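Visitor: got a predicted model here, sequence first, then my questions.
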Amino acid sequence: KRVNEAMEKYNLSQRSGAMNLVFFNDAILHFCRITRILYQDRGNALLVGLGGSGRQSLTKLVGSNLGFQINQLQIGKGYGVELFWKDIGRILMKAGTSDSTQIFIFSDTQIIFESFLEDINNILNNGEVPNLYKEDEMTLIFNTLKDSFRSENNNATESKDAVYQYFVQNIRKRLRIVLCFSPVGEGFRNRCRQFPSIINCCTIDWFNLWPEDALISVADRFLATLNEKPKEVRDPKEPVINTALSEDVSKKLQKFFVKVHAKAVTIAGRFYEELRRSYYITPTSYLEYIKLFLDIYHEKIQIIPKQIANYKLGIQKLEEANVIVKNLEIELVELGPMQVKKKAEVEDLIVDLDKNTKLVEIEKQKIQGDKDAVEIKRNEILKVKEECDADLSKAKPDLDNAKIALGKLNEDDFRILKSFNKPSQNVRFIQIIY
């Protein structure tokens, strides 16, 4: 109950990045361990576990519950040593000059250069990074802390070195460093050997694999969101979709998720034994697996009402088609006698057409015979015409000459012709024409 209250308090204090954690027994134990570590003076923690096991989330929750300020690096493009020194200097300045306790969360995924760990090793061991501050910053530290130094040291004479050592003591007193490292690979072991303060000056808390009850609790929390009413304002025309699961189905799904996760861990171990290649099944993998199921579930359950509507529309269309078919069957029954009558008329018409076809065929043959006779006559006429044209072409020059000679005759010529008692045949022809 207290842990959930701490989470609600943290969520109220944050404008974004609200937490929705599941506090199973292991998570509560880690919460208590981190609280005990950070509550002590010089309480630094080394949280060792795979990604997604809740190391940073629990630290933030503990810090909020204790009233400490949380500090993290914002790693971006071009982030280097200079920006790292600037961020470290800002955090140390707040820890050394203010009365509030600072928590600095540092993850191994933020180690761009190994020199980052060297500086953190110095802070864990000595409370400072050598030559971190410039002269003007040292003057600011002196002016800020000289009165506090005098009051706590019985009005001792302040010097820059003495005030700076007082500044370092405040850092070691008020700064809590939480290192979130993964045990995977050789990097963790090498860094522990190279920078011994990571081990010597930190309390180690191992985040082991989640037990079965933890996996079931997480699955139950995610599946419980399906029973919540949607907060978004929906279109009133859209049907309300019930995404809730029955308790029996929810229990079976939880066991199924745990079984699949355990099977994946077993296969990953066998994969390493056979190929000597590591594949890590982390809590994040389990969370992503459940989220993937929920996404697919929401996607499919949104489709179901549309499919139901389509099926209903299909059934409606089938019923309408059945009504139309029944009406057509009634019409066919009513049109049955008319069909018989029309069929008989068509058969009679076919008989008549057969008779007429035979008559037409006979007439066609007759016409074809007449056509052949006419064609013969036509050919004969064309032949006579050709002969006449040939005779005409022969007689035409004589006719033309006769027309010319006729044009030359006058009345005296005709009187002479009449005076002939026995004219020749040609002359007599002309006399007849005249």
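Guide: Sure thing, it's come through.

Visitor: hey, where'd the strands end up in the stretch 1-150 of the chain?
Guide: Assigned by DSSP state E, counting those that start in this stretch, the strands in the stretch 1-150 of the chain fall at 45-49, 69-72, 102-107.

Visitor: what of the stretch 151-300 of the chain?
Guide: In the stretch 151-300 of the chain, the strands defined using DSSP E, counting those that start in this stretch lie at 175-181, 203-207.

Visitor: out of those, deepest packed?
Guide: strand 175-181 (a mean of 24; mean count of other Cβ atoms under 10 Å). Any C-beta I mention is one placed from the backbone N, CA and C, and that applies to glycine too.

Visitor: which strands border that strand, and is each parallel or antiparallel?
Guide: Strand pairing for strand 175-181, using DSSP bridges, gives strand 45-49 (parallel), strand 102-107 (parallel).

Visitor: which residues sit against that strand?
Guide: Residues outside strand 175-181 that contact it (Cβ atoms under 8 Å, 6 or more residues apart in numbering): 34, 38, 43-49, 55-56, 59, 63, 68, 91-92, 95, 101-108, 120, 123-124, 127, 188, 191, 198, 202.

Visitor: for the record, mean pLDDT for it?
Guide: On average, the pLDDT along strand 175-181 is 92.

Visitor: what does stretch 71-80 give?
Guide: Per-residue scores along stretch 71-80 average to 88.

Visitor: begin at 605 from here
Guide: New numbering, starting at 605: the last item is stretch 675-684.

Visitor: list the contacts of that stretch.
Guide: Outside stretch 675-684, the residues that reach it (Cβ under 8 Å, 6+ apart) are 688, 691, 695, 698, 706, 707, 708, 709, 710, 714, 716, 717.

Visitor: of those residues, buried ones?
Guide: Among the contacts of stretch 675-684, those classed as buried by 16 or more other Cβ atoms under 10 Å are 688, 691, 695, 698, 706, 707, 708, 709, 710.

Visitor: of those residues, which pair is most distant in space?
Guide: 688 and 707 (17.7 Å; Cβ to Cβ).

Visitor: want to throw the strands of the stretch 755-904 of the chain into JSON lines with distance to residue 886?
Guide: Converted to JSON lines, the strands of the stretch 755-904 of the chain look like this (distance: least, Cβ to Cβ, whole Å):
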{"stretch": "strand 779-785", "distance to residue 886": "13"}
{"stretch": "strand 807-811", "distance to residue 886": "10"}
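
Visitor: need the strands paired with strand 779-785 in TSV (columns: distance to residue 1020).
Guide: What follows is the strands paired with strand 779-785, written out as TSV (distance: least, Cβ to Cβ, whole Å):
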stretch	distance to residue 1020
strand 649-653	159
strand 706-711	155
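
Visitor: of all these, which lies closest to residue 744?
Guide: Closest to residue 744 of the strands paired with strand 779-785, according to Cβ to Cβ: strand 706-711, at 17.7 Å.

Visitor: pull the CA atoms of the closest one into CSV?
Guide: C-alpha atoms of strand 706-711 as CSV (Å, rounded to 0.1, in the frame of the first residue of the first chain):
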residue,chain,number,x,y,z
GLN,A,706,20.8,14.9,-4.9
ILE,A,707,20.5,11.5,-6.6
PHE,A,708,22.6,11.0,-9.7
ILE,A,709,21.4,8.0,-11.8
PHE,A,710,24.0,6.8,-14.3
SER,A,711,23.5,3.8,-16.6
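
Visitor: what residues does it touch?
Guide: 642, 660, 663-664, 667, 672-677, 695, 698-699, 720, 724, 778-785.

Visitor: now swap in stretch 614-629 and tell me
Guide: 607-608, 611, 631, 635, 658, 661-662, 664-665, 668-669, 814-815, 817-818, 821-822, 824-825.

Visitor: what's the ChimeraX syntax to select whichever of the residues you listed are buried?
Guide: Buried subset of those, written as a ChimeraX selection, criterion 16+ other Cβ under 10 Å:
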select :607,611,631,635,658,661,662,664,665,668,669,814,818,821,822,824
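
Visitor: sitting in helices, which of the contacts of stretch 614-629 do you find?
Guide: Judged by DSSP state H, the contacts of stretch 614-629 include 607-608, 611, 631, 635, 661-662, 664-665, 668-669, 817-818, 821-822, 824-825 as members of helices.

Visitor: residue 639 against residue 671, yeah?
Guide: No: applying Cβ atoms under 8 Å, one finds residue 639 not in contact with residue 671, separated by 12.0 Å.
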